[in-house]
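J.: Could you look at this predicted model? Sequence included:
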Amino acid sequence: MKQTRFNAHHRRLGAKMVDFFGWDMPVEYKGIIDEHVACRTAAGLFDVSHMGEVHVTGKDALAFIQHVSSNDAARLSPGMIQYSGLMTDKGTYVDDMLIYCLHPEFFLLVVNAANTDKDFAYLTAHEGAYDVVLDNASDRYSQLALQGRQAIPILQPMTEIPLAGMKPFTFAFGKVAGKECLVSRTGYTGEDGFEIYTLDPDPGILWDSLMEKGTPLGMQPVGLGARDTLRLEARLPLYGNDIDDTTTPLEADFKWIVKFKKGDFIGRDVLARQNEEGITRKLVGFELIDRGIARAHYPVFVEGAPAGQVCSGTFAPLLKKSIGTVYLPAAKAAVATEFEILIRDKKARAKVVPSPFYKRDY
C-alpha cells in the first residue's frame, strides 16, 4: 500500500489504519464521534495527502480546462480556486475537482484519490492539439487540512500569510513552520478552515507543529471515518456515492457549476438538453422518521415501488439524527415528501428535508 509522508505520525498516535483505495490511511484515532465533535466545536487535523494533484501548464492551459470541465475557469485569476466537474461526453462526472489558478498558463487540479489515475488518463486522452503539458504530480505533494472555528488561532502563529483576510476559495504561497506551502481557504467539512499543500519531501514538522499548537485549543487528529460524517452533515458530495459517471451535475443539484454561456465543453449538449427538458430525478437530503440508520446502497421505495438506493447515509454525531442522500423522482423530491428505506428486512419511514443538514454559526 502507498503511505503518506505522515504515516509514522498516525501510527505513533495509535490510529486504526485501513486500506483506502491502495493507501494506508487512518480511519480513526480516539473514535469517530469524538473526532467529529472536536472538528465542529474546536478544530480537526486531517492527512489528505492521498488526494490527486495534476499540473496543467502551457499556452492553452485555460482553453484545455474549459474544454474538459463544466464551470467557467475563465473567471479565475491567480490566487483563486473553483469547484468544478470533469465531464464525460454524456454530461456525467468523470470526477469532481478543485481548480487552482496559479498563473494564466499554470493550473493545479485537485482530484479524488480513488480517481487520480483514471482522471489523468482521461485528461491525457483529451489533450489533442492543445498546447499543454500534463503532469501527474500527486506523489510529490503532501496535504493537510485544518478545519474548524479554531483554525486561524492554530495556524496563524506558524505562518506570515495573513489568514483572516483570505476569502473562501482563495490561496496564497508562504512558509508554514518553515516549509514552503500553498495555503487555501477550502475544506470538506462544512467548517471554516485551510488546506495546506507542500512539495517538501520531509513535511513532518507541519503535522507536529499543528498538533502542538492545536491540542491545547481542543483540536484532534481526524480520520477517514469522521471525515465522511462531517462532509455528509454539510451535504458535500462523495464520488462513488452521491455522484459518478451515471449522474449529471443537474441531477446532483449542482447546476451552479455548469456554465452554458462559456461556450462548448465536453458533455455540454447533453446537459443543455437535460436543462431544457427538465431532470427526471434529483439528489435530496433525508432524515429517518423511524428508528435505524440508513446506510449506502439500502433499497428505497416511493409509494411502495422500488426507487433506487441510498447514496450516503449515517447517524450524524452532532445532530443526533439518521441522515442521508438519495436520488428520488423529480416529482417526489419536494421537502417533507415521505418514502421508505429497507433496513434489515424492515421498511423504515424517511422524509426529504432541507440540506445541508448542518451550517456553521460563525
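T.: Arrived safely, thanks for sending.
J.: use CA for all of it now, contacts and neighbours both
T.: Fine.
J.: in the stretch 51-200 of the chain, which ranges drop under the pLDDT threshold?
T.: Applying pLDDT under 70 to the stretch 51-200 of the chain picks out no residues at all.
J.: all helices for it, in order.
T.: Assigned helices in the stretch 51-200 of the chain, in chain order: 61-68, 116-125, 151-155 (criterion: DSSP state H, counting those that start in this stretch).
J.: how about those helices, which one is nearest residue 272?
T.: helix 61-68 (15.3 Å; C-alpha to C-alpha).
J.: May I see the buried residues of stretch 191-203?
T.: 191-199, 203 (16 or more other C-alpha atoms under 10 Å).
J.: Domain map for this protein?
T.: For the chain, the structural domains run 7-50+141-233, 52-136, 255-353, going by automatic domain parsing.
J.: Looking at those domains, spot the one closest to residue 247.
T.: domain 52-136 (5.1 Å).
J.: how long is that closest one end to end?
T.: 8 Å (C-alpha to C-alpha, to the nearest Å).
J.: give the contact list for the closest residue to residue 161 other than its chain neighbours.
T.: Nearest residue to residue 161 in three dimensions, chain neighbours excluded: residue 174, at 6.2 Å (C-alpha to C-alpha, 6 or more residues apart in numbering). Listed by C-alpha atoms under 8 Å, 6 or more residues apart in numbering, the contact partners of residue 174 are 159-161, 180-183.
J.: if you set the cut-off to 7 Å instead, what comes out?
T.: Counting by C-alpha atoms under 7 Å, 6 or more residues apart in numbering, residue 174 makes contact with 161, 180-182.
J.: ok, residues contacting stretch 349-360?
T.: With C-alpha under 7 Å, 6+ apart, stretch 349-360 has contacts from 190-191, 233-235, 284-290, 333-341.
J.: Show me what counts as buried in it.
T.: 349-353, 355, 357-358.
J.: Residue 272 belongs to a helix?
T.: Yes - Residue 272 forms part of a helix when assessed by DSSP: H, G, I helix; E, B strand; the rest coil.
J.: what about it, neighbour count?
T.: 16 (other C-alpha atoms under 10 Å).
J.: excluding its backbone neighbours, what's nearest it?
T.: residue 260 (7.3 Å).
J.: Please determine how far that neighbour is located from residue 243.
T.: In terms of C-alpha to C-alpha, residue 260 sits 20 Å off from residue 243.
J.: Please identify which of those two sits among more neighbours.
T.: residue 243 (21 against 16).
J.: Spit out the contact partners of the more buried one.
T.: Contacts of residue 243 by C-alpha under 7 Å, 6+ apart are 93, 237, 252.
J.: wait, what's in contact with the residue nearest to the spatial centre of the chain?
T.: For the chain, the residue nearest the mean C-alpha position is residue 188 (5.0 Å; C-alpha atoms, centre = their mean). Applying C-alpha under 7 Å, 6+ apart, we find residue 188 in contact with residue 231.
J.: Next, give phi and psi for it.
T.: Residue 188 adopts backbone torsions of phi -130, psi 40, taken as degrees, to the nearest 10.
J.: any idea how far it is from residue 352?
T.: 23 Å.
J.: And residue 152, by the same measure?
T.: 35 Å.
J.: Neighbours of residue 362, how many?
T.: Around residue 362 there are 6 residues (other C-alpha under 10 Å).
J.: oh, I was asking about residue 64
T.: 22.
J.: quick one: which of the contacts of residue 174 is nearest residue 226?
T.: residue 182 (24.8 Å).
J.: Which residues are in contact with the nearest residue to that closest one once chain neighbours are set aside?
T.: Among residues not flanking residue 182 along the chain, residue 173 sits closest, at 4.5 Å (C-alpha to C-alpha, 6+ apart). Shown in contact with residue 173 (C-alpha under 7 Å, 6+ apart): 181-183.
J.: most neighbours, which of those residues?
T.: Neighbour-wise, the contacts of residue 173 (other C-alpha under 10 Å) top out at residue 183, 25 neighbours.
J.: Now that one: closest residue in space, sequence neighbours ignored.
T.: residue 196 (4.6 Å).
J.: Who does the one you found form a beta bridge with?
T.: residue 144, residue 183 (DSSP bridges).
J.: on that earlier part again, the residue nearest to residue 272 and residue 186, how far apart?
T.: From residue 260 to residue 186 the distance is 25 Å (C-alpha to C-alpha).
J.: Would you mind listing the outside residues contacting stretch 105-123?
T.: 21, 50-59, 61-62, 94, 96-101, 136.
J.: before we move on, the earlier item: out of the contacts of stretch 349-360, which are buried?
T.: Judged by 16+ other C-alpha under 10 Å, buried ones among those: 190-191, 233-235, 284-289, 333-334, 338-341.
J.: Please enumerate the strands of the stretch 151-300 of the chain.
T.: For the stretch 151-300 of the chain, the strands defined by DSSP state E, counting those that start in this stretch occupy 171-176, 179-184, 193-198, 220-221, 281-288, 299-302.
J.: how about a markdown table for those strands, with distance to residue 17 added?
T.: Below are the strands of the stretch 151-300 of the chain laid out as a markdown table (distance: least, C-alpha to C-alpha, whole Å):
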| stretch | distance to residue 17 |
| --- | --- |
| strand 171-176 | 27 |
| strand 179-184 | 27 |
| strand 193-198 | 22 |
| strand 220-221 | 13 |
| strand 281-288 | 30 |
| strand 299-302 | 30 |
